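All I have is the shape, not the residue letters:
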């Protein structure tokens, strides 16, 4: 396993992050395909065995049971100071208002069974709350020792830039990581957000690095419960399937050339792009083993060019981002 420091922080993380949205009680009605506590622990232990020390969850994943499953598994199998735990706030009552942040961190810490969080990520930008109010509330958590570092996720470049300016101008804690939507099929953030992050030395830890499996298998569709029921993934990719299939085919050709898997080629593409730690979800141990092989694939400039550009321009990109936000908001309302 390879390790990297996240931006300007003192957090050293594995270059693969285990996303924990696959863990949780299906009765929460968020996802029908989440794993029970025993299977979740098995996946978490396998990740630890591979050297993965970076785990990402959220307060609303399966109504908080993802945090509970992760916290119990880590407490049972590894010392607290050997892992980096990230969780998120936004899809809750009050979004990023100061009262909501103060309330939600307490719930997250309780469910995880820890007295501090290594990385606290705002899940979305909150247009209904003044930026200064949000940044001050987050800064108080850092000063109180409840959070070590701050991260952001899924917003426009100008929104992130303004939040960082508010932190700088008011002597508050800035963000050190960005968990954005990024993969060979979705590259909108190459226009503004990623350059801003690089300018500010903000580490990139993208979600959906394999495009919900579409960059990991030769067949576009998969006959699994998740593929049939994951409405968010369908909203992201179904409308651009014709273009996306061509990119996936190029990934498959490169994989065949190197005797590697499509997952490994896609992750090698991320590392070549300077990604710090892509967030990988897994419901089976073999998927993590496959992902770990991505460190042994080195792409040439010709290989990268064969995967470019996906859809850095055009109305379809904006539609996909708006569709994703609306679907997430709808899911939050259903879980209330």
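It's in. Remember, predicted model here, so these are calculated numbers, not experimental data.

hey, let's count contacts and neighbours off CA atoms from now on
Will do.

list the contacts for residue 11?
By Cα atoms under 8 Å, 6 or more residues apart in numbering, the contact list for residue 11 reads 5, 84, 118.

For the first one, give its distance to residue 98.
Distance check for residue 5 against residue 98: by Cα to Cα, to the nearest Å, it reads 29 Å.

Pick out whichever of these two has more residues nearby.
Neighbour totals were compared for residue 5 and residue 98, and residue 98 leads with 20 against 15 (other Cα atoms under 10 Å).

In contact with the residue nearest to the more buried one when sequence neighbours are not counted, which residues are there?
In space, residue 98 comes closest to residue 137 once its chain neighbours are excluded; the distance is 5.2 Å by Cα to Cα, 6 or more residues apart in numbering. The contact partners of residue 137, by Cα under 8 Å, 6+ apart, come to 97-98, 101-102.

Confirm residue 137 sits in a helix?
Yes. Checked against DSSP: H, G, I helix; E, B strand; the rest coil, residue 137 lies within a helix.

Which pLDDT value goes with it?
Reported pLDDT at residue 137 in the predicted model: 98.

can you check residue 62 too?
89.

Give me the distance between it and residue 27.
8 Å.

can you check residue 54 too?
Residue 54 is 27 Å from residue 27, by Cα to Cα.

and what of residue 5?
The value you get for residue 5 to residue 27, if Cα to Cα is used, is 37 Å.

Quick one: the helices in the stretch 101-250 of the chain, in order.
Counting by DSSP state H, counting those that start in this stretch, one finds helices in the stretch 101-250 of the chain at the ranges 131-143, 157-169, 193-199, 225-229, 231-237, 241-258.

among the ones you listed, which is nearest residue 287?
helix 225-229 (14.9 Å; Cα to Cα).

and the closest one, what's its mean pLDDT?
If you average the pLDDT over helix 225-229, you get 58.

how many neighbours does the residue nearest to residue 283 when sequence neighbours are not counted have?
Leaving aside its sequence neighbours, residue 283 sits nearest to residue 22 (Cα to Cα, 6+ apart; 6.5 Å). For residue 22, the neighbour count with other Cα under 10 Å is 23.

Which residues are in contact with residue 22?
33-35, 40, 66, 281-283.

what's the spacing between it and residue 150?
According to Cα to Cα, residue 22 and residue 150 sit 23 Å apart.

Please apply the same query to residue 210.
25 Å.

With residue 290 instead?
30 Å.

Tell me which residue lies farthest from the centre of this protein.
When each C-alpha in the chain is compared with the mean C-alpha position (Cα atoms, centre = their mean), residue 257 comes out farthest, at 29.2 Å.

From residue 208, how far off is that residue?
Using Cα to Cα, residue 257 is found at 25 Å from residue 208.

Over to residue 152?
Taking Cα to Cα, one finds residue 152 at 15 Å from residue 208.

For these two, indicate the residue with more neighbours.
The residue with more neighbours, out of residue 152 and residue 208, is residue 152; 26 against 22, by other Cα under 10 Å.

partners of the more buried one in the sheet?
Beta-bridge partners for residue 152, by DSSP bridges, are residue 122, residue 178.

and it, what is it in contact with?
Counting by Cα under 8 Å, 6+ apart, residue 152 touches 121-124, 160, 175, 177-179.

Please apply the same query to residue 50.
Contact analysis of residue 50 by Cα under 8 Å, 6+ apart lists 1, 289, 292.

With adjacent residues omitted, what lies nearest to the second one?
In this case it means residue 289. residue 50 (7.9 Å).

Retrieve the pLDDT associated with the one you found.
Taking residue 50 on its own, its pLDDT is 98.

cool, residue 232 as well?
63.

between residue 62 and residue 27, which one's more packed in?
residue 62 (24 against 11).

what about the residue nearest to residue 77 when sequence neighbours are not counted, is that helix, strand or coil?
The spatially closest residue to residue 77, leaving aside those adjacent along the chain, is residue 45, at 7.2 Å (Cα to Cα, 6+ apart). For residue 45, the secondary structure call by three-state DSSP comes out as helix.

I'd guessed residue 45 sits against residue 75; true?
No. Residue 45 is not in contact with residue 75 according to Cα atoms under 8 Å; the separation is 11.2 Å.

More neighbours: which of those two?
Between residue 45 and residue 75, counting by other Cα under 10 Å, residue 45 is the more crowded of the two (19 against 13).

Strands of the stretch 51-200 of the chain, start to end?
Taking DSSP state E, counting those that start in this stretch as the test, the strands found in the stretch 51-200 of the chain are 54-56, 84-89, 117-122, 147-153, 175-179.
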